[in-house]
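> Sharing a sequence plus its predicted fold:
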Amino acid sequence: MPVTALYASLLAIIFITLAIRVIQVRRAEKVALGDGGASTLIRRIRVHANFTEYVPIALVLLGLAESVHTEPVLLHILGLMLLIGRGLHAWGMSHSPENFTFRVTGMIMTFIVIGLSALICFFGSLWQGWLI
């Protein structure tokens, strides 16, 4: 699954970057566990957590879509949408006050990727099931 591997590796870089941002504030605020009530830490934890909540299911579905022989160009479109969408969402959510345009656009893109990938998997599995 080379297409999924590509986007998983790029998303992993964002994941690590978001985790480092949490660690930086933890160290600055001297908070080992939880958020210590620090608003910047709360925000960074949620940005990282939100990424963690949505990316795995999107990547699983992208990989499964690849396994049912989806055209690579469509997989790249979905992968790029996920990458850009998660980046926009993290950017918008990271600022105080939040940039809701980036946040909402990022979520819409993420939902499109998850929804289209799920449909591709559903119909691809039916199609593959008939052929086997």
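Arrived safely.
> Quick one: residues contacting Ser67.
Met1 (Cβ atoms under 8 Å, 6 or more residues apart in numbering). (Glycine included, C-beta is placed from N, CA and C.)
> Look at it and report its pLDDT.
For Ser67, the pLDDT comes out at 96.
> Next, it: phi, psi?
Backbone torsions for Ser67, taken as degrees, to the nearest 10, come to phi -70, psi -20.
> Can you point out the buried residues in the helix or strand of the chain with the lowest mean pLDDT?
Scoring the helices and strands of the chain by mean pLDDT, DSSP states H and E places helix 100-131 at the bottom, with a mean of 93. For helix 100-131, burial by neighbour count (16 or more other Cβ atoms under 10 Å) applies to 102-103, 105-107, 109-110, 113-114, 116-117, 120-121, 124.
> in the chain, which residue is closest to the centre?
The residue lying closest to the centre of the chain (Cα atoms, centre = their mean) is Val55, at 3.2 Å.
> which residue packs closest to it, ignoring adjacent ones?
Leu11 (5.5 Å; Cβ to Cβ, 6 or more residues apart in numbering).
> can you pull the contacts of that neighbour?
The neighbours of Leu11, taking Cβ under 8 Å, 6+ apart as the test, are Val55, Leu59, Leu82, Leu83, Arg86.
> isn't the first one right up against Leu83?
No - proximity of Val55 to Leu83 does not meet the contact threshold set by Cβ atoms under 8 Å, at 9.7 Å.
> Please save the CA atoms from stretch 56-64 in PDB.
Below are the C-alpha coordinates for stretch 56-64, written out as PDB (Å, rounded to 0.1, in the frame of the first residue of the first chain):
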ATOM      1  CA  PRO A  56      -6.200   6.700  12.300                       C
ATOM      2  CA  ILE A  57      -9.700   5.900  10.900                       C
ATOM      3  CA  ALA A  58      -9.000   7.900   7.800                       C
ATOM      4  CA  LEU A  59      -5.700   6.100   7.200                       C
ATOM      5  CA  VAL A  60      -7.300   2.700   7.800                       C
ATOM      6  CA  LEU A  61     -10.000   3.500   5.300                       C
ATOM      7  CA  LEU A  62      -7.500   4.900   2.800                       C
ATOM      8  CA  GLY A  63      -5.500   1.700   3.100                       C
ATOM      9  CA  LEU A  64      -8.500  -0.500   2.700                       C
END
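> Good, wrapping up.
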